[in-house]
Structures are given as structure tokens and as C-alpha cells.
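*Asks:* Coordinates only, no sequence provided:
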């Protein structure tokens, strides 16, 4: 789920005057003026390795990394999220796609049961600015996955705070995947915790947040879960 | 408890001449000339996640992050403390509020019993200066939570020393939440320890310190506790 | 195995206009216009210590570090990969060799069973740029070994992302040795995992990737392995 | 014990020509031309928390942090050592005191038996230079506590080497509290070890060193200890 | 043992044109034109604490740190290696000594059996450049001790690579004490391992390397050991 924070564009106070127009344009582009956005994620080749791209029931063309760009350029999406390296490789061929630079990624090789998750940025915001300028690509924002409750929470929280500030300074918006995870998080999808995650996202200043849809123990009745999600929606 | 260090404004020696006026103005604004201040804390959405904002006995409007700003703009407070991101989101709509940027925050997911607490700044003082300038908001100071006795004490102590110096260099005051906490701290509210915490705060140069009200083992008789607090008051 | 990402040179979007010619020249030089390259590795004196250079069946001249340069200058190779220090020592004597600066290296003394592997850059990209300029040597690119699934994966991933970006900014290409390794990687040569490693390489933006040829448990029949490798080829 | 390294001022080679006069003046001021100095320590409110300032047999006025400045301004001391924050708070009121900025401090909450000690600088030398300039206070030098034999020895050693160099570059002298401490140090006051500590201090370039007076197991006869200290004096 | 890499001065490619003369002069000064150098080590007061300077059979004058400078100024040595701090203290009195700044040092308090060794630089190369300029001393090069096979190998390897590059950029030569050491190194003096250590030194670009003379288990017959050392000599 991806929720916008407002239906009209209210510019955060850390966006400087000189970048307000750009910020508003980026926000309107991604929300289509309706306060919702459809983010198309293209960061799975690190996050899930080859799990989504090969095997029974998966079309062979999926294996080609460019396939994601083909979809993104034709589908009605708001923004296509991928690592800078991937955008760098195929971006020039698909200049019409609105891009979001996914700043951090980790593989799924180290399971949460073995070590608490940690993932920090592969490029900094000054590099993103140079990339945007050099490439001329339509880069609207940046994204970051944050693992709340990990023993490395502080490392990511510190970095994310600065990233959001610097993104706003450049007129870019931010998307945070806010996932409670680690040995100290018994239920990642507890409704109260998911609501808390949206509160963290709001406090740290992100423009958009993605949280997991809550689950209530064994009770997975859709209606109950939708109701449980009201807490998160209320606090976002 | 929030205690001022003086009733008239004596400017610390690390405030440069060019910033003395601003420092004095910030201090007078926050102490109302009576040497006391009422800080309204708005950092709980990270510190406590959604615990304070939803549930039985909590009014539904509390869930909205903006609610804190509505209170802050109407109540008789000295300063409203929140993360830069949160101030960035709602600050322009509430330009009359005096703000304090809370620099660090952690969630309560990792319990002290599982790991000693660590929390470092999400933005640095140079970024705070840019934020103040770009936003034009009424930012009076910065805040930091420090966990004494944590195995990460040194990491926070080193960072805090620099933050206070740089805040003073900009004419801002500082508030430190000085909490002894961690596996090596058997009683966080021991009166002698609380008094020690105020001494640390004083030595590191903060303008204000918040400590916990002491407790004496099983003896929680208010009068005894008030008396126990005399040590802390004497050393602050 | 070393695979090129394209047979004609398509310039990544993070190569600035002013460096496109240099990037194209470097890529054409190393792929000979046929989309394949023969990298000659000269970094084993750190990676394997003296294992490859002395002992029964090894010619005595192998012990001399310069021997590698003698081969590189006469053989039909695309590029010779070595640490900056080694290139610095012998490079001027062999100015015709196309060089690749191998940025990181570790010895084999700490076994994977004792500690997960970690290896970070010995020089940064700004130093590489100075080296290229001062030496006048024919430096075409840089290389990095990345250990996926190591508990230090994040440290290397973060560094590698920046290195590839800065290399492209200078018009250099990059080669990544992408090796899943560590306590959380039961089979380094699992075909599905090897395919995943190529996907990571692609997402992080490297121009070339070296992966290990897959193995299927006890089934080491060449044909079966070659077939297993199809997954990796498809996703690269 | 505080020992000067010479009775006449010989200027270390890392003091630049332009700062020699200042260095000589600082050294003469602190040694009164007799090669000895009486340092008055005011850093205990972090190091010992409130242990020295409250309780039976301690005069109530001791609790006031300013009390130390009152003593320092009246007593015949060479230099008053305190954290920058504390000097910042009271320094302007006591401009006649010669100050030494104590750069690092830790509390006594984490016992050596629980974790090896680590303590790094709260402000860097560039900040000290700004402080000296802005405050106009009579700052003669900087101080640092170094824990030899701690598992964090390397972290402090690296930082201390740079601090001493940069202090000398500014014409300031340095005082090092050189304490062997940690799980690998069975007897902190072993005479041979104390002598070794003075050698470390000398090698790292400090102008003054404070070591603990040695102890010889159960033999605490003053004469024997004084004799044991000869080794340290000889090597300093 | 200290081995030169060549008998005539061949300038590494990372020495810029403007510093070639200085590099050649430094190399000729230290090798006396015969491709060998006699390094006089003065870094033991940190490395061995007071073990070499006091006790039965040690002349009392040895305790004085200046004693080393007296020897160095009179003996026929190539270069005197000491920490910057020690050179800073006595260097001006002994301006005729050729100096080598030993960048890192650790005490022997933490035994290898308790923790793998780690030792990083106390000053960086920019500080060394300032020191050389300010002091006018005859500084020819810098030195570093590297512990191969330590769990901290990567930390030192990364730092050393940059140090050697920056030293060459300044026209200084480098000496590396290359010692395999740590829980993963069962025999530090294994001939094959010692040979490997020289290979690492060569690959990282140092001008000189010091390794331990090999040992073959119980066989300590000098001839056998000398023969064992041939492998190291061959690969250096």
C-alpha cells in the first residue's frame, strides 16, 4: 500500500523556495492530482535475487532486466522505482518513464532469524543530484527501506533523516518502505505496530510510506484485517 | 522536569559575539523571563510508536499527527519539540509556534533488556541551520536524548558534545533528555544517579536538562521522593 | 566467466556527456567490438597469498611479481586486473598493457568458516583518477569483489554502489566479482543463486560481472551444469 | 602526578613557526618556569557523576558546579581542566583562570568488569580553535584520557595521535591521563606497566602525562612504592 | 630483515612527475645506492612498553627516550623509524637524522590469544605533509604495521592502500611491517606464509617490507630456515 500525505500539494518547510516549483511538479506528476500513486517496484533483483524472475509459471522474458522497463514505459504507473545502477543501464532508452532512485537494497540471503536486517544507501544525495543532471532523466524522487526494531535501527534512522532532508532540498519527494523486522519484532504485521510505523514515517518527514497490510494472528478474515488497518490510516 | 540554568540570560562562552543577541532572544522567549520553561514534546510517534495515539480512552483526533500542532499553537507552551521531518510537514501552517528540533529518536521495539539503547542524530547542525534559513520558521533550539551508562554511551557523548557547541555557535539553545539506561544501570531513578545525570548535562554544556523524577526502591512516598530530588536540584 | 552486457556500446546514463567518448573507447578496447572480454587477473598475490606462485609444478619464474606483467604484455588479453600498488610498481615498464585497478582484496587466511568475508576498497575513485592522470597509464576500468550473503554484505554493497557511479563519472567501466559467500550461503554455486548474483550485478550498474560456474550438488556432469547456467545467462 | 618533560621550554617540531611564541607562553604559564605544574581537575561531574559532590562529609556548596571555578580562580593552580561545555557555562565570569579543555570523558556506570573502557573526544581541535577565538578565554591546552590495554585502545590511540598534532599546530600543549585499564590489564598500578605508560605518552608526543602512582601487590609500603616509581620517572 | 625492491631507483607510477626527484633522493639516501637499508626502529616504547628499556642487563641510560636519538645520530643507519610524537619531541635537536614516521603502533597488553590485533594510523598523510613542512626535518618516508589474517585485516588493508598511494604522491617511500597474526594464523613464521606476506606487500605497492624470518616447526636448524626463506626472497 502506498498512501499520499495530502491531496493537494503542500510543500514541506525543508524544501527551499528555489525548489518549490520542482517539488510541486514532482508531486503532481506522481499523484496525478488525486492524492494516490501507483509505484512500480523494480528493485527485486537485489531484494529477492532471482526468485521473481525464473521458474515454473514465470514467463522467460521476465528474466531480462530490461523487461521491467518495457512494462514501466507502457503501463499506467506513477513512478518506476529502481536502483541507480539499473536506471543508469536502461534509462536512456526509456526516457519517458518517471523514475524513483531506490537508494538501498539488500539480498534475502541472510535471514532475519540469523541476523537483524541492515541496509544503507548505495549512493548519497549529492550523487543522485549529479546523476539527475548528467542523465537528464525524469527523476522525481528517492526511496529507502527502513527496518524498525532491528538492532541496526539507529544506523538506518540516522541516515534516512538526512536523506529526506537533502531530497527535499533538491525538490525531490521521498518514499519509505517502513518495515518492522528483527529478533525483537515478534509480529511484523501487528495492526498497532503497522500504525506505529506510519507514525515514524510521518515524523521523519517522508512524503510517502509503504507499510505491510496488517494481520491479526490466526484471524486472517479480510474484513477484520481491513478494520485493523484503520488504525494505520488514521495515524498517517 | 525541565530546569533552566539561570533566571537571567548569561550567554555561554561558545556563543560567538555575532550570535549573542539571537541566543538571548531565544532564551528569553523560552523562559518567559522567569527561568522556567514548559516544553511540549511531540516526538512520541517515534519514541512510543502509536502507543499514545490510539486505543481505549484516547480521543480519535489524537491519531492525526497535526493534532499536536493544533495544541501547540493554542496552548501556553514555551517550545514545541519535534523531529525536523514533522516540523517540515506542518510547520508552515503553524508559523507562530516556537520550535525545537529534536535531533535523535528511537523506537521502543528493542527493549533495554535485549540491547543497550543507542540513538544518534538524524540531521546535523549544518542541516538544521539550512532548515531554519530556508523555512523561516521560529526555531529556538535543538534537543537530544542521551543514554548514560549504555554500552554506546561514548558514541552519544561524543556526538552530543559537538552538537551543543555547534548549536551555541548558531545562537540556538539546547535541551538534553539525560536518561541513565542499560544493562549496567540497575535503578534508572536512583536519586544519587539522577543528580549525577544533571552534573553530566551541566559539564557537557546544555542549557536545559530533563531528568526523571527519582524513586527510592519501594519507598514511593511523594515527600521522600521530593526530598531525594534535592540532590539533583543542588547539582544542576 | 566474464560476460559483457552488450555487443555494441550503449553508454550508461551516469556517464556524463564529457566522458562518453572515453567510456566508449574503454569499452571497445576491452571487448574488441565482439562483446566479450578476456580479463587476465593479477590480484592473486593478496587473494591466494603465495599458493599460485611457488611449489611443485610451478615454474620458478612465477614467483617474480613482474612475471604477470610479462605475460600480460605479450598475451592477447583484453585487460590486466591488479591492485593499484602492483600496477604502480611495474606499470611504467609495460605501458602497452590495458589496466584495470582491482580496488579491494583480502587474503585467504581467515576462512569463511571462521568469519564471513569482508573486503573494502584500498583506494577511492578520486585517488584512482589522480593515479590515471599522474601515471599516464592506460587504465580502462576498476574492479571489486563483492560477497553476497556475508554478514558484511551491506558494507560492501553501499561502497560498491558509489564506486560504480564514480567510475562511470570518470568514463571508466567496472568489473564486479559477484560471489555469494558466508555462513548463510550453503551452496555458493547453486544455479538459482548464481543467476541471482548476476541480477544484483545488473541492478548495481556494473558493466561486467564475474560469477562462478554453477554446480548442482553431486551432479557435476558438464552438460547439466551448462544447462543450469542458462538461468544466469538469461538474467544477465 | 603531573610531570613536565623539560624545565626550559623546548618547542616540539610539530609546532609551526607562527605558533612557537604562543606555545612557549602557554608552557611557561603552566609550569611557572619550574618545570612542574599543578593541574586542578574539574571533569569529575562526568567521570565520577555525583560521587564527589554530595553526601556525608561533603560541604553542600560543593554541589554547585560553579564552586570549582571559585576555587580555581582563587587557588594557586597552573591550569583548570574541564569539559568545553562547563568552561563555556562559567568561563566568562572567571576570565582570569588558565583553562585546559578536557576533550573526552566517560561516566563510571559501565564498570571495567562489564566492558573495556572507551572514551573519545566530544569536540575536535578545529572546534577548540573556534571556541578559543570566540570566547577570548585563556585556553592553554587540551587534555585526553587514554585507556591502554582496552580492547578499544586502537580507537583512542588513533584519535589521540591526531589531537596532539593539531593541538601543537595551534600552539596549545597537551595533557594525557594515561591509564592502563581493561580485562587484559590485571594490575593497573604495576610499576613496570606504569613506566610503560609514560613511554607511550612520550612516543605519542604529549607535553604532560598523568599516571597512577604504582602499587606492588600487597606491599604498599610508601618507600617501596616510591622506589618502584623510579622506573616511570626514568622513562618519562 | 629489510629488503629493497630494486638496486637502482625505479619510480612507481603513482609518484607524480613533480615529486620524482624527491622520491629518488629519498630512496638513494636510504639505500645508499646499494639496494639495502638499515632501519633503526624507535617505536618500541609503544609496541613493547617498557620491556626493552629497563631491567637487569639494560643500561640505565636506555630508559631515556632521547637515548635512541643519540644512537641514531651517531650510528651508520639508513633511517630512524619513530612515531610522529617522538620525532616531534627530539627531532629539532637531531636534525641530521633521516626520519621515517611510523604511522601506527599498539601496545602488547592485549595478547593475540585474547583479541586479534588491530592498529591504525595515528596521523594521516596530510598531517605528515604539514609536519614535514613545518619542522623542516629530513623525513624520507612513512611506516605501517599490517596484521594479515587478523579479523581486522580489512580495516588495515584499506587504510594501508591509501597511505602508500598518498605517500608516493608526496615523494615519500613506505616501509610495511607485514606480520601474519591472529586466531586464524596457527604459525606466523611458516615459510610459505612469510613468502605470501611479501607478495601482499608487493601488491599493495610498498617500497620496503619487513617480514619475520621463517621457522619450520621444531626444525630450527639455521640452514634449513635460510633455505625456507628462499621462497620469500623469490616472491618479493
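*Replies:* Noted; the coordinates are in hand. On a predicted model such as this, the values are computed, not experimentally measured, just so you know. Numbering: from 1, shown residues only, chains lettered A, B, ... in the order given.

*Asks:* tell me which residues form a beta bridge with the residue nearest to residue A:207 when sequence neighbours are not counted?
*Replies:* What sits nearest to residue A:207 in space, not counting adjacent residues and going by CB to CB, 6 or more residues apart in numbering or on different chains, is residue A:173, at 4.1 Å. For every residue, glycine as well, the C-beta is placed using N, CA and C. For residue A:173, the beta-bridge partners under DSSP bridges are residue A:141.

*Asks:* just checking, residue A:173 touches residue A:28?
*Replies:* No. Using CB atoms under 8 Å, residue A:173 is not in contact with residue A:28, being 10.5 Å away.

*Asks:* Compare the two and say which one has the larger neighbour count.
*Replies:* Using other CB atoms under 10 Å in any protein chain shown as the criterion, residue A:173 and residue A:28 rank with residue A:173 on top: 28 against 12.

*Asks:* who's in contact with that one?
*Replies:* A:23, A:26-27, A:30, A:140-141, A:167, A:207-208 (CB atoms under 8 Å, 6 or more residues apart in numbering or on different chains).

*Asks:* From these, pick the one nearest chain C.
*Replies:* Closest approach to chain C among these (CB to the nearest CB): residue A:140, at 15.3 Å.

*Asks:* Would you agree the closest one is in contact with residue A:31?
*Replies:* No. Counting by CB under 8 Å, residue A:140 does not reach residue A:31; the two are 10.5 Å apart.

*Asks:* What ranges does chain A have for its strands?
*Replies:* A:2-4, A:39-41, A:79-82, A:99-102, A:139-148, A:173-180, A:208-210 (DSSP state E).

*Asks:* JSON lines for these, including mean pLDDT?
*Replies:* Listed next are those as JSON lines, based on pLDDT from 0 to 100:
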{"stretch": "strand A:2-4", "mean pLDDT": "47"}
{"stretch": "strand A:39-41", "mean pLDDT": "93"}
{"stretch": "strand A:79-82", "mean pLDDT": "96"}
{"stretch": "strand A:99-102", "mean pLDDT": "98"}
{"stretch": "strand A:139-148", "mean pLDDT": "98"}
{"stretch": "strand A:173-180", "mean pLDDT": "97"}
{"stretch": "strand A:208-210", "mean pLDDT": "95"}
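
*Asks:* Pick the most deeply packed of those strands.
*Replies:* strand A:99-102 (a mean of 28; mean count of other CB atoms under 10 Å in any protein chain shown).

*Asks:* number of nearby residues for residue A:207?
*Replies:* 26.

*Asks:* swap in residue A:38?
*Replies:* For residue A:38, the neighbour count with other CB under 10 Å is 13.

*Asks:* Closest residue of chain A to chain D?
*Replies:* For chain A, CB to the nearest CB, closest residue to chain D: residue A:151, 16.8 Å.

*Asks:* State the distance from the closest residue to that residue other than its chain neighbours to chain C.
*Replies:* Closest residue to residue A:151 apart from its sequence neighbours, by CB to CB, 6+ apart: residue A:116 at 4.4 Å. Per CB to the nearest CB, to the nearest Å, residue A:116 is found 10 Å from chain C.

*Asks:* does residue A:116 really touch residue A:180, like I thought?
*Replies:* No. Using CB under 8 Å, residue A:116 makes no contact with residue A:180, being 11.3 Å away.

*Asks:* shared neighbours, those two?
*Replies:* Both residue A:116 and residue A:180 are in contact with residue A:147, where contact means CB under 8 Å, 6+ apart.

*Asks:* so where do the helices sit in chain A?
*Replies:* Along chain A, the stretches classed as helices by DSSP state H are A:20-31, A:44-47, A:66-74, A:84-90, A:125-135, A:153-169, A:191-204, A:222-235.

*Asks:* Which elements pack onto the longest one?
*Replies:* Applying 3 or more CB pairs under 8 Å, 6 or more residues apart in numbering or on different chains; DSSP states H and E, one finds that helix A:153-169 contacts helix A:125-135, strand A:139-148, strand A:173-180, helix A:191-204, helix B:84-90, helix B:125-135.

*Asks:* Which of those sits closest to residue E:215?
*Replies:* Nearest to residue E:215, of all these, is strand A:139-148, at 48.9 Å by CB to CB.

*Asks:* relative orientation of the closest one and helix A:191-204 in degrees?
*Replies:* Calculated by axes from the mean of the first three to the mean of the last three CA atoms, to 10 degrees, strand A:139-148 forms an angle of 130 degrees with helix A:191-204.

*Asks:* check contacts around residue A:135.
*Replies:* A:87-88, A:91-92, C:13-14.

*Asks:* can you tell me which residues contact the residue lying closest to residue A:40 once chain neighbours are set aside?
*Replies:* Spatially, and ignoring its direct neighbours in sequence, residue A:40 is nearest to residue A:77 (4.2 Å; CB to CB, 6+ apart). For residue A:77, the contacting residues are A:38-40, A:98, by CB under 8 Å, 6+ apart.

*Asks:* I'd like to know how far residue A:77 sits from residue A:37.
*Replies:* Distance of residue A:77 to residue A:37, computed by CB to CB, to the nearest Å: 9 Å.

*Asks:* With residue A:155 instead?
*Replies:* Counting by CB to CB - residue A:155 and residue A:37 are separated by 28 Å.

*Asks:* ditto for residue A:130
*Replies:* Distance from residue A:130 to residue A:37, by CB to CB: 26 Å.

*Asks:* Repeat that for residue A:72.
*Replies:* On the measure of CB to CB, residue A:72 and residue A:37 end up 14 Å apart.

*Asks:* more crowded one of those two?
*Replies:* residue A:37 (24 against 21).

*Asks:* Look up the pLDDT of residue A:76 for me, please.
*Replies:* We have a pLDDT of 85 for residue A:76.

*Asks:* my read: it touches residue A:38, true?
*Replies:* Yes. In this structure residue A:76 lies within contact range of residue A:38 using CB under 8 Å: 7.2 Å.

*Asks:* what's the burial count for residue A:190?
*Replies:* Neighbours of residue A:190 under the rule other CB under 10 Å: 18.

*Asks:* ok, so what distance separates the nearest residue to it once chain neighbours are set aside from residue A:41?
*Replies:* In space, and not counting its chain neighbours, residue A:190 is closest to residue A:214: 6.7 Å by CB to CB, 6+ apart. Separation of residue A:214 from residue A:41 (CB to CB): 20 Å.

*Asks:* Also residue A:150?
*Replies:* Distance of residue A:150 to residue A:41, given as CB to CB: 21 Å.

*Asks:* Need the nearest residue in space to the one residue in chain A that gets nearest to chain E, chain neighbours excluded.
*Replies:* Of all residues in chain A, the one sitting closest to chain E is residue A:115 (16.8 Å; CB to the nearest CB). Once flanking residues are discounted, residue A:115 sits nearest to residue C:151: 5.7 Å by CB to CB, 6+ apart.

*Asks:* again with residue A:52
*Replies:* Using CB to CB, 6+ apart, the nearest residue to residue A:52 is residue A:44, at 5.0 Å.

*Asks:* Just confirm the one you found contacts residue A:65, I think it does.
*Replies:* No. Here residue A:44 lies out of contact with residue A:65, judged by CB under 8 Å, at a distance of 10.4 Å.
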